[in-house]
Structure formats: C-alpha cells, structure tokens
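> Just to be clear, the model below is a prediction. Sequence and coordinates:
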Amino acid sequence: MAEMSALKDSIINGDQNKAKEITEAAIAEGMDPELILNEGLIAGMDEVSKAFKNNDIYVPEVMIAARAMKKAMELLEPKLVECGVEPLGTVVMGTVQGDLHDIGKNLVSMMLKGAGFKVVDLGTDITPEAFVEATKESGASLVGLSTLLTTTMPVMAKTIEVMNGAGMAAKVMVGGAPVTQEYANKIGAAGYASDAASAVDVAKELMG
C-alpha cells in the first residue's frame, strides 16, 4: 500500500524520483486521486511553505520541492480530471510589461500549484491587454502581477485600470521586491504578498 506520509516526505526532501514512484504505485493501487493530492502532495508543500516562512529553508530548497511535486502532478493530473476534482481556483500569473525577471513569479506559481490552485503562467513582459485576454480565456478568479523594477511599478496600476475598464471580476494580487502594502492599496489591488509563501495565504483569503 502506497504510504502518503512517504509521498509527503519525498516532496519535502525534493526527491522527484521517489515522489513519482510512490504516486505511480498509489494510482496503480486505485487510491483516490484527491487523497493522493491532499495527503501527499499538498501536505508536503504545506510543510515546505511553513519552513520557507520561518527561514528554515530558502529558495533553492523550495524550487527542488516544487520540481518533485511537478513530477508527481504530471501523473496525477489526468486522474484528478477523470474524477472531476476541481482546483481551489484558477490564477493568471505574470511579470508586468517592461520587466523580464521571473524567479519570484515562478516561485509564487509553484507554491500556488502546491496548494491546489490551477496556474496559468504567462511569463514575463506581459501587457495589460494580455492579462485581460488570459483572464477571459481561463475564467480565472485571481490575477497575480509581479515586478522587480521600480520603473515598471506604474504598469501594475495600468494593468488594474485596463482590467477594471474591461469589466473583469477577477481580483488582482501584487508582489515583488519594490512593492509594498501601501502601494497595493494605492493602485486598488485586492491583495499584496511580501513573499511566495504569503502569496498562497493571500490567494486563499481572496478566494473566500
């Protein structure tokens, strides 16, 4: 019988081969895909998130854990779809126009996936119009805007303005090194996160 505690540990330890092996075995045994997701993968990433918040681990360890989760999810995702298991919500993520930095954005995307969200990652240098289009296409209820440059912070405000003008109901959360809660409030963002682990908490709050 595939052990979910072992799957959880393989995610925490970033052992992608073990994560894949246990997930394969659990699926072969006919285990409930939602149980594998919640008690194995999400439980593991929850522990990684807590450790990251407490500064017990750092970005490289989170990346390795997320890579292990991704390998397991590649096997599990089709089974979740078959069973009709819905994600917590859909989030469109991107670094705003004029900024090519993506490490922070990638980290947030990984953490959100690890928490059970579906993530549509647009990449970097994304125009306000592209955010609107992707939100419409995906039916996302959340949009995450990232930037590392002070010079592109106004593009966050512009993106929110364009989204509001297009009648988008999706809530916008913002983050990145120069961004603050005060700035998020000023531009009308629904949420702000200072780091990737906090972004998951904010996303869950915004989903209600």
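The structure has been received and is ready for your questions. Numbers count the residues shown, from 1 in each chain.
> so for the longest helix along the chain, what's the average pLDDT?
Counting residues, the longest helix found in the chain (DSSP state H) is helix 59-82. Averaged over helix 59-82, pLDDT sits at 93.
> And the next helix or strand after it, what does it pack against?
Next in sequence after helix 59-82, counting helices and strands by DSSP states H and E, comes strand 90-95. Contacting strand 90-95 under the criterion 3 or more C-beta pairs under 8 Å, 6 or more residues apart in numbering; DSSP states H and E are the following elements: helix 103-114, strand 118-121, helix 128-138, strand 142-146. In this view, the C-beta of every residue, glycine as well, is placed from N, C-alpha and C.
> Contacts made by strand 90-95 with the rest, please.
Contact with strand 90-95 is made by 101-102, 105, 108-109, 112, 117-126, 130-131, 134-135, 138-148, 170, 203, as judged by C-beta atoms under 8 Å, 6 or more residues apart in numbering.
> returning to that earlier point: which helices and strands does the longest helix of the chain pack with?
Packing partners of helix 59-82 (3+ C-beta pairs under 8 Å, 6+ apart): helix 4-12, helix 16-28, helix 33-35, helix 43-53, helix 103-114.
> For the shortest one, what is the distance to the chain centroid?
When C-alpha coordinates are averaged (C-alpha atoms, centre = their mean, to the nearest Å), helix 33-35 and its chain have centres 19 Å apart.
> Can you spell out which helices and strands pack onto that helix?
Counting contacts by 3+ C-beta pairs under 8 Å, 6+ apart, helix 33-35 packs against helix 59-82.
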